[in-house]
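A.B. asks: give the three-dimensional model of this entry:
(one chain, ligands or ions: 1)
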Amino acid sequence: MTSNNLSPAAIGWLRFPPEASRGRRYPETPHPYRSDFQRDRDRIIHTRAFRRLENKTQVFGAGYSDHFRNRLTHTIEVAQISRTVAGALQLDEDLTEALALVHDIGHPPFAHAGEEELDRQMQRLGLRFNHNIQALRLVEVFEQRYALFPGLNLSFEVREGIVKHSQELEPGAIPALDEYLPGQKPPVEAQLIDLADEAAYNTADLDDAYTAGFFTLSELGAAIPVIGELLDDCETHFPAASERLQFQEMLRRLVNLLVGGLIEGTAAAVRQAGVRTVEDVRRFNRRLACFSPEAARTGVALKQFLHTRVYESPELVVERTRCQEAIGVLFQFFLDHPEHLPPGYVDGVSKVPLHRAVCDYIAGMTDGYFDRVFQHLIC
Ligand code: MG
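C.D. replies: Residues are numbered from 1 along each chain as shown. Just a heads-up that it's a prediction; the model follows:
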């Protein structure tokens with residue numbers, strides 16, 4: 001018997017099994033030994049967009065350290081946490097894993113700075129850029145791997161989970177997305193991803209920022225009392241351990257607190273809401289995936305600390321500004337000189353506005369490729 005079967009948090013009656021899927025856009029014969037959600041997961045892993053995550057910034061750009069997270073290793077951590085949570089809740093681990101692996105593939109180079117700048121450029125021209133919608137475009141349009149259909153032909157629930165990753169889809173808000181059940185919540189498997197993402201990046205950013213010397217342990221412990229207690233506990237248990245090891249011991253406990261809190265909070269919310277079916281989940285007035293109160297408080301404090309001490313530190317602000325200016329310059333260059341876009345994008349210009357084609361091209365770039373193109377065309 002696995003530990004999952006013993007989990008008091010199990011809410012297996014809300015599991016979304018692959019047999020219940022609304023299916024694929026283009027029907028396919030079943031695979032002999034993989035479920036549809038397992039196939040979706042595997043298709044995502046084999047995309048170019050997934051491989052490019054390796055050279056996209058998470059928080060710290062290249063040059064800080066070879067040990068720090070990039071967007072690919074962050075994605076693997078989110079998948080690991082998501083799978084653990086889904087397993088403990090007895091939900092469909094494969095659907096959760098597929099959604100975790102795809103959750104960041106729409107990210108442009110240079111992390112949130114890149115996303116903000118592309119959105120600013122697009123708004124200037126009357127459109128928007130959003131990484132979730134971009135992820136859907138990647139799996140539906142840009143990834144060409146099958147002779148019989150465009151894109152990856154993913155199951156409905158994976159595409160729906162991409163659209164609703166970190167936002168609700170309001171009825172009528174985006175007519176092109178009307179097939180994704182506007183006004184309804186996604187299955188719990190999909191609801192978990194955004195919170196698993198938070199647990200993963202809050203702890204990972206803390207780890208990398210500590211290693212980079214952005215704060216000391218006493219500053220961290222003083223700013224967040226829960227962490228202060230965990231650090232005291234580690235010092236009591238391992239008085240001879242180096243500060244670095246005590247930090248690691250604290251970090252493991254912190255990950256457990258957040259991930260355990262996500263499992264407990266979600267199980268409690270489901271029981272309190274009294275939802276019995278996935279249909280109940282869809283029609284409930286709020287998402288049921290949530291942290292326990294203690295984990296939620298800790299998450300908020302962590303976020304606040306990371307904002308003031310790391311994300312808004314002069315070092316990272318300077319880097320962000322440099323990246324945003326460069327994106328703005330390259331964006332305008334392609335608007336003025338569309339002949340410099342690769343052939344596929346030039347053909348595409350007839351079907352989408354030029355600024356959408358420019359946005360797609362830049363959004364797909366890795367940090368390294370962006371720098372090379374910038375050097376070649378601008379410098
Ligand atoms: Mg993420």
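A.B. asks: spit out the contact partners of the nearest residue to Thr366 once chain neighbours are set aside.
C.D. replies: Of all residues not flanking Thr366 in the chain, Asn55 sits nearest, at 3.6 Å (Cβ to Cβ, 6 or more residues apart in numbering). All C-beta atoms are positioned from the backbone trio N, CA, C, and that covers glycine. Shown in contact with Asn55 (Cβ atoms under 8 Å, 6 or more residues apart in numbering): Ala62, Asn70, Thr366, Asp367, Gly368, Tyr369.
A.B. asks: where does the prediction get shaky in the protein?
C.D. replies: Residues of the chain meeting the criterion pLDDT under 70: 1-7, 346-350.
A.B. asks: show me what from it comes close to the ion.
C.D. replies: Neighbours of the ion within the chain, by Cβ under 5 Å from the ion: Asp104, Asp197.
A.B. asks: let's see it at 6 Å
C.D. replies: Within the chain, the residues that sit near the ion (Cβ under 6 Å from the ion) are His74, Val78, His103, Asp104, Asp197, Tyr201.
A.B. asks: neighbour-wise, which of the residues you listed leads?
C.D. replies: His103 (27 neighbours; other Cβ atoms under 10 Å).
A.B. asks: from the contacts of Asn55, which ones fall inside helices?
C.D. replies: Counted as lying in helices by DSSP state H, out of those, are Asp367, Gly368, Tyr369.
A.B. asks: hang on, the earlier thing: nearest to the ion among the contacts of Asn55?
C.D. replies: Closest approach between the contacts of Asn55 and the ion, by Cβ to the ion: Asn70, at 11.5 Å.
A.B. asks: quick check: which element contains the closest residue to the ion within the stretch 1-150 of the chain?
C.D. replies: Nearest residue of the stretch 1-150 of the chain to the ion: Asp104, at 4.5 Å (Cβ to the ion). Using DSSP states H and E, Asp104 falls within no helix or strand.
A.B. asks: burial measure for Ala20, as a count.
C.D. replies: 11.
A.B. asks: that one is in contact with Val278, isn't it?
C.D. replies: Yes - using Cβ atoms under 8 Å, Ala20 is in contact with Val278, at 7.2 Å.
A.B. asks: for the residue nearest to Cys290 when sequence neighbours are not counted, grab the count of nearby residues.
C.D. replies: Ranked by Cβ to Cβ, 6+ apart and with sequence neighbours excluded, the top spatial neighbour of Cys290 is Gly265, at 4.5 Å. Counted with other Cβ under 10 Å, residues neighbouring Gly265 total 21.
A.B. asks: ok, Gly265 touching Arg287?
C.D. replies: No - the pair Gly265 / Arg287 is not scored as a contact, 11.2 Å apart, by Cβ under 8 Å.
A.B. asks: ok, the closest residue to Ile105 other than its chain neighbours - contacts?
C.D. replies: Leaving aside its sequence neighbours, Ile105 sits nearest to Ala49 (Cβ to Cβ, 6+ apart; 4.3 Å). Counting by Cβ under 8 Å, 6+ apart, Ala49 touches Ile105, Gly106, Ala135, Leu138, Phe142, Glu143, Gly364.
A.B. asks: CSV for those residues, including distance to Gly274 and neighbour count?
C.D. replies: Shown next, in CSV, are the contacts of Ala49 (distance: Cβ to Cβ, whole Å; neighbours: other Cβ atoms under 10 Å):
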residue, distance to Gly274, neighbour count
Ile105, 36, 26
Gly106, 35, 23
Ala135, 33, 22
Leu138, 38, 24
Phe142, 42, 19
Glu143, 41, 21
Gly364, 45, 21
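A.B. asks: quick one: which of these is nearest Pro186?
C.D. replies: Ala135 (14.4 Å; Cβ to Cβ).
A.B. asks: looks to me like that closest one is in a strand.
C.D. replies: No - under the criterion used here (DSSP: H, G, I helix; E, B strand; the rest coil), Ala135 is helix, not part of a strand.
A.B. asks: that one: what's its closest spatial neighbour, skipping adjacent residues?
C.D. replies: Gly106 (3.2 Å).
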